[in-house]
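*Asks:* Sequence and predicted model, in that order:
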There are 2 protein chains.
Amino acid sequence: MKLKIGIVGYGNLGHAVEKEIYSSDKYKLIAIFSRRNVKSKFLTPIKNYSKINDYIGKIDIMIMCGGSKNDLMWQSAEVLQNFNIIDTFDTHELISKHASNLDKIAKSNNHVAIYSCGWDPGLFSLYKLLGNTILQGKTNVFWGKGVSQGHSDALRQIPGVLDAIQYTVPDPKIVKLATSKNYNIAQNQKHLRLCYVAVDEEKTKEKIEKEIRNMPYYFKDQRVEIYFSSPKEISKLKEKMYHAGKVISIDENNLIINEVKMISNPQFTAKILLAFINAIPKIKCGAYSILDIPPSYINKDYLSCL
Amino acid sequence: MKLKIGIVGYGNLGHAVEKEIYSSDKYKLIAIFSRRNVKSKFLTPIKNYSKINDYIGKIDIMIMCGGSKNDLMWQSAEVLQNFNIIDTFDTHELISKHASNLDKIAKSNNHVAIYSCGWDPGLFSLYKLLGNTILQGKTNVFWGKGVSQGHSDALRQIPGVLDAIQYTVPDPKIVKLATSKNYNIAQNQKHLRLCYVAVDEEKTKEKIEKEIRNMPYYFKDQRVEIYFSSPKEISKLKEKMYHAGKVISIDENNLIINEVKMISNPQFTAKILLAFINAIPKIKCGAYSILDIPPSYINKDYLSCL
């Protein structure tokens, strides 16, 4: 029996999840829920988010595709009251709060939540855990060069910003250091964050720049460069959503490098979500990260990997 | 409370596990069990394997450090009757048989077994599972250049062989292909297996070469080169037990590369064993591979990896 899926939120990630579901024969997409008036080119039924509870009992898993900055904390919690959910919540500093909130709701409603299930947090969390535990050295994470969905989304939430995209670029000298020496590297020195921003009024630029540079978790105390562009230029940049990343663990005698490269960040994230929803029917009610789930639960052919 | 450890088998891996335990403050090594008359330079009590059951109730986990070819199948099963065990059983084709045997014994004796917990099978099994499940393409594994403990051990079991070492060398052209294209690559074409063998009598060479080339699972149908050397030369080669490996998963749009490099194969394997024994007190009786264990069980600080 195919898992019956709903998608909540129809931005870049929602579109990518929809496309991945149609390119697989393992899942049945029942509906997409959005607060906006949108259309699906795959002709998936689009329902207003306010109607989501009409689907109680008709959908096995809701894939939460809203942004972490403003949506997922309240929306995953709300939807979890009536459905199993999976999300990509990626504000590292707030994950434990989000997790314990979801765990309570999941347990009192007999549902399962998988949270923070993208590539970082998510796949990279697993790489970090393995590197940290097996080796007695340092683990460093690098992102990019590529488009950060979370950071781009955070920029777009600033009043006066029409559109924006953020490229994360690792400093090659620091990547080399992390690969060759067991060495302490400050997290905020590893990357350059290039922000391309379109604003509605020339005079707001200074205020917006200040707001970006002071945004906690996202840009504060980071190496940030801001470029103001036209909505048209940004629209063109947004056609390419490539990304990449590395988790490097090292001690005196050993090196582990885990590397990903992708043409489309939303597509790769969608693929991870669709891998881990396979675990949901196998786990008891509660909230789980990737680290809490036996990896074999994601693939019935796991024995062939041994 | 520190986990109380026993080591069964005192070859390269047993020595490496002993050294790793003494360089950590998390475990207490109670005794080493060997069928040979050996000494520990760390002054660990060495007991004859026949006395192992004198330690029932005194050791939490036995780390099985025998070879896969002749030892682990019977020895893990035997020791599991009275102790929790972890092993590195690495004959890929026989793992499911080994696992179901251990699972029965573990359940009827209320113990836990973790099997095939090295870097391949083990860490690489996890990488393969993730790559296979997330991407819809091909996953290829490459080993080397480095010393295969399992294959060296298999060579040394041949009657007439005094000592031996086996280097696994990946074909760089094929590694490049696996990284650039979603392409089917025959397993036995990926590597060259360089065997350095010392024999006791000149006249046995031909027979031994034939036996190597026909050894199932290890050398049959592989690209094998055999070099006869003196015991002294091999002893010198064995001082360096470096190894390396890569798991490469690819589809049309995405690439995942997991790479390890180590100065000492036994040391890296020992580190993986000591990471995963942390899971044993948290799991119910039965036999588990790395894929069956929630990764968070190996490290109490796992939340910091999210």
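*Replies:* Arrived safely. In this text, all values refer to a predicted model and were calculated from it rather than measured experimentally.
*Asks:* Which residues of the stretch 151-300 of chain A lie near chain B?
*Replies:* A:253-264, A:267-268, A:271-272, A:275, A:278, A:289-296, A:298-299 (CB under 8 Å from any CB of the partner chain). Bear in mind the C-beta positions are built from the backbone N, C-alpha and C, glycine included.
*Asks:* Just the ones in helices from the residues you listed, please.
*Replies:* Counting by DSSP state H, the part of those found in helices is A:267-268, A:271-272, A:275.
*Asks:* a markdown table for those, including pLDDT?
*Replies:* A markdown table is the format used below for those (pLDDT from 0 to 100):
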| residue | pLDDT |
| --- | --- |
| A:267 | 96 |
| A:268 | 97 |
| A:271 | 98 |
| A:272 | 98 |
| A:275 | 98 |
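*Asks:* which of those has the most neighbours?
*Replies:* residue A:268 (30 neighbours; other CB atoms under 10 Å in any protein chain shown).
*Asks:* Leaving aside the residues adjacent along the chain, what's closest to it?
*Replies:* Excluding the flanking residues, the one nearest residue A:268 by CB to CB, 6 or more residues apart in numbering or on different chains is residue A:262, at 3.9 Å.
*Asks:* That neighbour contacts residue B:253, doesn't it?
*Replies:* Yes: at 6.4 Å, residue A:262 counts as touching residue B:253 under the criterion of CB atoms under 8 Å.
*Asks:* Spit out the residues that contact those two alike.
*Replies:* residue A:268 (CB atoms under 8 Å, 6 or more residues apart in numbering or on different chains).
*Asks:* who's in contact with stretch A:145-156?
*Replies:* A:11-13, A:67-69, A:90-91, A:161, A:163-170, A:193, A:195, A:197, A:212, A:215, A:218-219, A:238, A:240-245, A:262, A:265-266, A:269.
*Asks:* Looking at that stretch now, give me its mean pLDDT.
*Replies:* Taken as a whole, stretch A:145-156 carries a mean pLDDT of 91.
*Asks:* What of stretch A:102-117?
*Replies:* 98.
*Asks:* List the buried residues for that stretch?
*Replies:* A:102-103, A:105-106, A:111-117 (16 or more other CB atoms under 10 Å in any protein chain shown).
*Asks:* My read is that residue A:9 contacts residue A:68, right?
*Replies:* No: Residue A:9 is not in contact with residue A:68 according to CB under 8 Å; the separation is 11.2 Å.
*Asks:* doesn't residue A:216 fall inside a strand?
*Replies:* No: per DSSP: H, G, I helix; E, B strand; the rest coil, residue A:216 lies outside any strand segment and is coil.
*Asks:* pLDDT score for it?
*Replies:* With respect to pLDDT, residue A:216 has a value of 92.
*Asks:* repeat for the one 4 residues further on
*Replies:* Each residue has a pLDDT score; the one for residue A:220 is 95.
*Asks:* The one 4 residues further on too?
*Replies:* As predicted, residue A:224 sits at a pLDDT of 97.
*Asks:* Then the one 3 residues further on?
*Replies:* Model confidence at residue A:227, given as pLDDT, is 97.
*Asks:* Let me see the ranges of the helices in chain A.
*Replies:* Using DSSP H, helices in chain A cover A:12-22, A:72-80, A:95-109, A:123-134, A:149-156, A:172-180, A:205-213, A:231-237, A:265-276.
*Asks:* still on that earlier bit, out of the buried residues of stretch A:102-117, who's near chain B?
*Replies:* residue A:116.
*Asks:* Pipe the buried residues of stretch A:102-117 into a markdown table and attach distance to residue B:63 per row.
*Replies:* Listed next are those as a markdown table, based on distance: CB to CB, whole Å:
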| residue | distance to residue B:63 |
| --- | --- |
| A:102 | 37 |
| A:103 | 35 |
| A:105 | 42 |
| A:106 | 37 |
| A:111 | 40 |
| A:112 | 35 |
| A:113 | 37 |
| A:114 | 33 |
| A:115 | 35 |
| A:116 | 33 |
| A:117 | 33 |
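*Asks:* how does chain A divide up, domain by domain?
*Replies:* Residue ranges for the domains of chain A, per automatic domain parsing: A:3-121+A:266-305, A:136-253.
*Asks:* Tell me which of those is the most buried.
*Replies:* domain A:3-121+A:266-305 (a mean of 20; mean count of other CB atoms under 10 Å in any protein chain shown).
*Asks:* From the opening residue of stretch A:65-74 to its closing one, how far?
*Replies:* Stretch A:65-74 has an end-to-end distance of 13 Å (criterion: CA to CA, to the nearest Å).
*Asks:* same question but for stretch A:288-296, I mixed them up
*Replies:* End-to-end for stretch A:288-296, by CA to CA: 15 Å.
*Asks:* Now it: average pLDDT?
*Replies:* 98.
*Asks:* can you list the residues that contact it?
*Replies:* With contact meaning CB under 8 Å, 6+ apart, stretch A:288-296 is reached by A:95, A:99, A:112-117, A:121-123, A:125-126, A:129, A:276, A:279, A:283, A:302, B:126, B:129-130, B:289-296, B:302, B:305-306.
*Asks:* let's see it at 6 Å
*Replies:* The contact list for stretch A:288-296 (CB atoms under 6 Å, 6 or more residues apart in numbering or on different chains) reads A:114, A:116-117, A:122, A:125-126, A:129, A:279, A:302, B:126, B:129, B:291-292, B:294-296, B:302, B:306.
*Asks:* Centre of the chain to that stretch, how far?
*Replies:* 17 Å (CA atoms, centre = their mean, to the nearest Å).
*Asks:* Show the contacting residues for the nearest residue to residue A:102 once chain neighbours are set aside.
*Replies:* Nearest residue to residue A:102 in three dimensions, chain neighbours excluded: residue A:287, at 3.8 Å (CB to CB, 6+ apart). Listed by CB under 6 Å, 6+ apart, the contact partners of residue A:287 are A:99, A:102-103, A:106, A:113, A:115.
*Asks:* ok, now how distant is residue A:287 from residue A:297?
*Replies:* In this view, residue A:287 and residue A:297 are 15 Å apart by CB to CB, to the nearest Å.
*Asks:* same check, this time on residue A:185
*Replies:* 34 Å.
*Asks:* Check whether residue A:257 really touches residue A:249, as I assumed.
*Replies:* No: the pair residue A:257 and residue A:249 fails to qualify as a contact (CB atoms under 6 Å) at a distance of 7.9 Å.
*Asks:* who's in contact with the nearest residue to residue A:114 once chain neighbours are set aside?
*Replies:* Spatially, and ignoring its direct neighbours in sequence, residue A:114 is nearest to residue A:86 (4.3 Å; CB to CB, 6+ apart). Counting by CB under 6 Å, 6+ apart, residue A:86 makes contact with A:63, A:114, A:117, A:273, A:277.
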